[in-house]
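Visitor: sequence unavailable; structure follows:
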Ligand SMILES: [Zn+2]
């Protein structure tokens, strides 16, 4: 069965038609807007034209120049592509500039750090130091206000020197000197290891962000002075973070206790209602009924 032209309704003849982006139209309809079989460019143009485009041109009595149309289309597409690239470059440049500027400010404030995580007590912010490719992988500069800190966890990975590296290998901080009980309870959960491969804290921020602050990432004997120093740092940082979280919780509680807008608007509603009574617009009964409704009694 012969196909009908979706524009004029006539039969579409074999080889005398135009294949558009979304369907086939008859030769007459195509030629009426300037398409011509004799031009290769017509073929290119039909691949981007829709039936609706042809209807619109036909209704507007407009003919297109297939060659020009294609050229315009290509240059328009190129422009859009380069505009998109420019926007992406601008976005990355902004992230980079924000980061460099912020890191300078952190340094000026003598921010302290755990591994790559910097804490600026003056600014009350945390900033993660990252390489340029790492920074570009994120949609934003990785800085977080202290007030967004919700929680933190400790990580302490035990390591068995013998198993990992063979007997007698010396490790950072000295040789393993038998079991030690001096492992921070909060981190190890009471277990004691002879050596650890990593000591870190995961900081959880509002918005589902978490970052890792690494104190130690080399095999270290738990009886070494290096480990003892790490423990002191962990306790100090834990203490600081506890205080920040406690402050955050306190301010959240205070916000919750502050009278809400709802109660203000209730008072406003009642005042307005009383005015209506005073003006004689409402009767005493109507006023009382409405008042009860507003107060929910
Ligand atoms: Zn037609």
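Guide: Ah, there it is. Predicted, not measured: the structure shown is a model, and the values here were computed from it.

Visitor: show me where this protein has its strands.
Guide: Counting by DSSP state E, the chain has strands at residues 17-20, 23-26, 112-114, 117-120, 125-128, 143-145, 149-158, 195-205, 209-216, 220-221.

Visitor: possible to save those strands as TSV with distance to residue 91 and mean pLDDT?
Guide: For the C-beta atoms, the positions are set from N, CA and C on the backbone; glycine is no exception. Putting those into TSV (distance: least, Cβ to Cβ, whole Å; pLDDT from 0 to 100) gives the following:
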stretch	distance to residue 91	mean pLDDT
strand 17-20	37	91
strand 23-26	39	93
strand 112-114	27	95
strand 117-120	23	96
strand 125-128	19	94
strand 143-145	17	94
strand 149-158	27	86
strand 195-205	22	89
strand 209-216	19	91
strand 220-221	41	88
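
Visitor: those strands: which one's closest to residue 11?
Guide: Smallest distance to residue 11 across those (Cβ to Cβ): 7.6 Å, for strand 23-26.

Visitor: can you give me the buried ones in that closest one?
Guide: Residues 24-26 are the ones in strand 23-26 that count as buried (16 or more other Cβ atoms under 10 Å).

Visitor: how many residues are close by residue 149?
Guide: Here the number of neighbours of residue 149 (other Cβ atoms under 10 Å) works out to 19.

Visitor: oops, could you answer that again for residue 291 instead?
Guide: Other residues within reach of residue 291 by the criterion other Cβ under 10 Å amount to 16.

Visitor: and it, how far from residue 279?
Guide: Look at residue 291 and residue 279: by Cβ to Cβ, to the nearest Å, they are 16 Å apart.

Visitor: for residue 89, same thing?
Guide: In terms of Cβ to Cβ, residue 89 sits 64 Å off from residue 279.

Visitor: rebuild the strands of the chain as CSV, extending it with distance to residue 8.
Guide: Listed next are these as CSV, based on distance: least, Cβ to Cβ, whole Å:
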stretch, distance to residue 8
strand 17-20, 12
strand 23-26, 6
strand 112-114, 74
strand 117-120, 70
strand 125-128, 64
strand 143-145, 63
strand 149-158, 66
strand 195-205, 63
strand 209-216, 60
strand 220-221, 83
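
Visitor: between the ones you listed, which one is closest to the ion.
Guide: The ion sits nearest to strand 23-26 of all the strands of the chain, at 3.4 Å, using Cβ to the ion.

Visitor: let me see the domain layout of the protein.
Guide: Listed domain ranges for the chain are 1-64, 82-141, 149-256, 261-295 (source: automatic domain parsing).

Visitor: quick one: buried residues of the shortest one?
Guide: The neighbour-count check on domain 261-295 (16+ other Cβ under 10 Å) flags 273, 277, 282, 287, 290-291 as buried.

Visitor: residue contacts, residue 125?
Guide: Under the criterion of Cβ atoms under 8 Å, 6 or more residues apart in numbering, the contact list for residue 125 reads 106, 119, 143-146.

Visitor: quick check, nearest of the residues you listed to residue 212?
Guide: Checking the contacts of residue 125 against residue 212 by Cβ to Cβ gives residue 144 as the nearest, at 13.2 Å.

Visitor: need the buried residues of domain 261-295 in TSV (columns: distance to the ion).
Guide: Shown next, in TSV, are those (distance: Cβ to the ion, whole Å):
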residue	distance to the ion
273	69
277	74
282	70
287	73
290	68
291	72
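
Visitor: in helices, which of those residues appear?
Guide: In this view, the buried residues of domain 261-295 that belong to helices under DSSP state H are 273, 277, 287, 290-291.

Visitor: how much space between the residue in the stretch 101-250 of the chain that the ion sits nearest to and residue 37?
Guide: For the stretch 101-250 of the chain, the residue positioned closest to the ion under Cβ to the ion is residue 139, at a distance of 49.4 Å. Going from residue 139 to residue 37 by Cβ to Cβ gives 50 Å.

Visitor: thank you kindly, that will do.
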